[in-house]
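Engineer: The sequence and its predicted three-dimensional model are supplied below.
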There are 2 protein chains.
Amino acid sequence: MDSKVKSKASSKIRRKIDKERRRCDIIEAAKRIFFSRGYTGTTMDDIAEAAGLTKPTLYSYFKTKDELYYSLTLPIIEKLTENQKRIKEKLENGHYCCGSEIIRDHFNGYFELYAASPEAFRLFMLFQQTGMFHRLKKSIAEKINKQVKERYEAIRSIYSDAMKKNLIRTVNVYHLIDTLWGTFQGIVLSTEMKFGNDAAASEKALKVLKDTLDFARTIISESIENKN
Amino acid sequence: MDSKVKSKASSKIRRKIDKERRRCDIIEAAKRIFFSRGYTGTTMDDIAEAAGLTKPTLYSYFKTKDELYYSLTLPIIEKLTENQKRIKEKLENGHYCCGSEIIRDHFNGYFELYAASPEAFRLFMLFQQTGMFHRLKKSIAEKINKQVKERYEAIRSIYSDAMKKNLIRTVNVYHLIDTLWGTFQGIVLSTEMKFGNDAAASEKALKVLKDTLDFARTIISESIENKN
DNA sequence: AATAAAATTTTACCAATAGTTAAATTGTCA
DNA sequence: TGACAATTTAACTATTGGTAAAATTTTATT
């Protein structure tokens, strides 16, 4: 009787795990194909085949093509959240002795995310743009918007605290974080433009990117540091 | 005989003007529909109807939907070129007495363009992203890339000259212009995100945007100014 | 006015593909 | 064995980007 219950429960769990793994398989396959052939160049049949299943099954995991495309950015958002949490903790525990250290961690967090999966990061940036939403179903656009706003609020709270703690000169916090994220984003885009679509693959491109980011970071840090 | 030649020539000219005007009509209609219903939500039949012609005629003006979509950014690129030319001339004629004036003109040029047609400007930013090209035909992507690179080179040359003239501290010019454009772009995006898709319509949103831009411009100017 | 030439409309079509449906199949547990 | 869930098969719908060709209108020329 005990074993019965156990097997019943475990089978349910296993099923759940199976489903989860299959979802992952689909996402991995979708990544490969979307990122090599583009959105328009990719059909749902392609993805189904690459993931080793059929179209109706694919549609049982993802309601629409847009939803699948969008879900490729989920890992990015998760890791972004982790990064922010880490900075927040460090700040709360008094591990920062000046503002430029925060900005450094902040930028490095973005950079590592980008380096780990440039295509996914690019997609994330793209989705942030309200303009991009023109190409998406409304429901999806709203989901993304919500998540982006949460990340925005988290980072705002970090820099507000840093100002309270006198690590950073008191300025309009919205201006500051818009400038920070904007700068990061813009530099990534410019660098990619210069090195072409395969920028990520190239060591050199990554180095140029890092250098430019350091340049911008230095400029901003200088102006923002609290001189005491 | 003279009048014959004249009428022949003028009729040809008028025809050209007609075609040009029709092209404009199409672009205006496409703008309205694309910007309200989005790319996917807009069909070529819709646009044809809105422009008061039929699909085959539409296709005689624009080879593909992507090409039409992309052509909405052309006015932006033209005006961008004008702006840059104006700055270049001012610089060559010695009308700048410090670097921050250049940066001010540079940013203001972007801002005016954005304010005049936010949707088109947004589209222009979008197209700059290599990631965006995934959704475009290769030939179009290459055209855009070429134009963006030309604008990039023009602005690089301006800031190089400014350094030679000692208006700006000597730094890596690529780092500098990537930072400038990136900052502008990023701030626009962040502001739009906050105010929603109708940001442009709102006076308040425009004011916030301008303030944030001023903030970033000040920071960058301070670091970049040549102290003598 | 008559005619030639260009542009446009009409109408019909093709091909690709997002998304659906329902019956048949397989595997899993009791 | 029988019940249940997930999957496959296989066919289908609807939309839409894009094309083709003949008919019609507009415009310019003689």
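Structural biologist: Looks like it came in fine.
Engineer: Walk me through the regions of chain A where pLDDT falls short of the threshold, as ranges.
Structural biologist: Regions of chain A meeting the criterion pLDDT under 70 cover residues A:1-12, A:14, A:129-139, A:196-201, A:227-228.
Engineer: element containing the most centrally placed residue in it?
Structural biologist: The central residue of chain A, meaning the one whose C-alpha is nearest the mean C-alpha position (Cα atoms, centre = their mean), is A:Ile76 at 2.8 Å. Using DSSP states H and E, A:Ile76 maps to helix A:74-92.
Engineer: domains for chain A, by residue range?
Structural biologist: If you go by automatic domain parsing, the domain ranges for chain A are A:2-63, A:73-224.
Engineer: ok, and does the longest one reach over to DNA strand C?
Structural biologist: Spelled out, it's domain A:73-224. No. Counting by Cβ under 7 Å from any atom of the strand, DNA strand C has no neighbours in domain A:73-224; the shortest distance is 7.5 Å. For the C-beta atoms, the positions are set from N, CA and C on the backbone; glycine is no exception.
Engineer: you'd agree A:Ala162 is up against A:Cys98?
Structural biologist: No. Here A:Ala162 lies out of contact with A:Cys98, judged by Cβ atoms under 8 Å, at a distance of 9.6 Å.
Engineer: If you count surrounding residues, which of the two has more?
Structural biologist: A count of neighbours by other Cβ atoms under 10 Å in any protein chain shown puts A:Ala162 above the other of A:Ala162 and A:Cys98, at 24 against 17.
Engineer: Mind telling me what element the more buried one is part of?
Structural biologist: Secondary structure assigned from DSSP H and E places A:Ala162 in helix A:138-164.
Engineer: got the angle for the helix or strand just after that helix vs helix B:173-195?
Structural biologist: With elements assigned by DSSP H and E, the helix or strand that comes after helix A:138-164 is helix A:173-195. Orientation check (axes from the mean of the first three to the mean of the last three Cα atoms, to 10 degrees): helix A:173-195 against helix B:173-195 gives 130 degrees.
Engineer: And the helix or strand following helix A:173-195, what does it pack against?
Structural biologist: Counting by DSSP H and E, the next helix or strand C-terminal to helix A:173-195 is helix A:203-224. Using 3 or more Cβ pairs under 8 Å, 6 or more residues apart in numbering or on different chains; DSSP states H and E as the contact definition, the elements that helix A:203-224 packs against are helix A:99-116, helix A:173-195, helix B:173-195, helix B:203-224.
Engineer: Tabulate the ones you listed (TSV), appending mean neighbour count.
Structural biologist: Written out in TSV, the entries for the helices and strands packed on helix A:203-224 read as follows (neighbours: other Cβ atoms under 10 Å in any protein chain shown):
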stretch	mean neighbour count
helix A:99-116	18
helix A:173-195	23
helix B:173-195	23
helix B:203-224	18
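Engineer: Between those helices, which one is closest to B:Tyr70.
Structural biologist: With respect to B:Tyr70, and counting by Cβ to Cβ, the nearest of the helices and strands packed on helix A:203-224 is helix A:173-195 at 16.1 Å.
Engineer: Alpha carbons of stretch A:53-68, as PDB, please.
Structural biologist: The C-alpha coordinates for stretch A:53-68 follow below in PDB (Å, rounded to 0.1, in the frame of the first residue of the first chain):
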ATOM      1  CA  LEU A  53       8.000  15.900 -32.100                       C
ATOM      2  CA  THR A  54       5.000  16.900 -34.200                       C
ATOM      3  CA  LYS A  55       3.300  20.200 -34.700                       C
ATOM      4  CA  PRO A  56       0.200  19.500 -32.600                       C
ATOM      5  CA  THR A  57       2.300  18.400 -29.700                       C
ATOM      6  CA  LEU A  58       4.400  21.500 -30.100                       C
ATOM      7  CA  TYR A  59       1.300  23.600 -29.900                       C
ATOM      8  CA  SER A  60       0.300  21.800 -26.700                       C
ATOM      9  CA  TYR A  61       3.500  23.300 -25.100                       C
ATOM     10  CA  PHE A  62       3.300  26.800 -26.700                       C
ATOM     11  CA  LYS A  63       0.100  28.400 -27.800                       C
ATOM     12  CA  THR A  64       1.600  30.600 -30.500                       C
ATOM     13  CA  LYS A  65       4.800  31.100 -32.400                       C
ATOM     14  CA  ASP A  66       5.200  34.500 -30.700                       C
ATOM     15  CA  GLU A  67       5.000  33.000 -27.300                       C
ATOM     16  CA  LEU A  68       7.700  30.500 -28.100                       C
END
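Engineer: anything in that stretch near DNA strand D?
Structural biologist: Yes. Judged by Cβ under 7 Å from any atom of the strand, stretch A:53-68 comes into contact with DNA strand D at A:53-57, A:60.
Engineer: List the buried residues of that stretch.
Structural biologist: Applying a neighbour-count criterion of 16 or more other Cβ atoms under 10 Å in any protein chain shown, one finds A:53, A:58, A:61-62, A:65-66, A:68 buried in stretch A:53-68.
Engineer: Please apply the same query to stretch A:39-51.
Structural biologist: Buried-residue list, stretch A:39-51, by 16+ other Cβ under 10 Å: A:39, A:42, A:47-48, A:50-51.
Engineer: Out of those, flag the one nearest to A:Ser190.
Structural biologist: Proximity to A:Ser190 was ranked across those by Cβ to Cβ; first place goes to A:Tyr39, at 23.0 Å.
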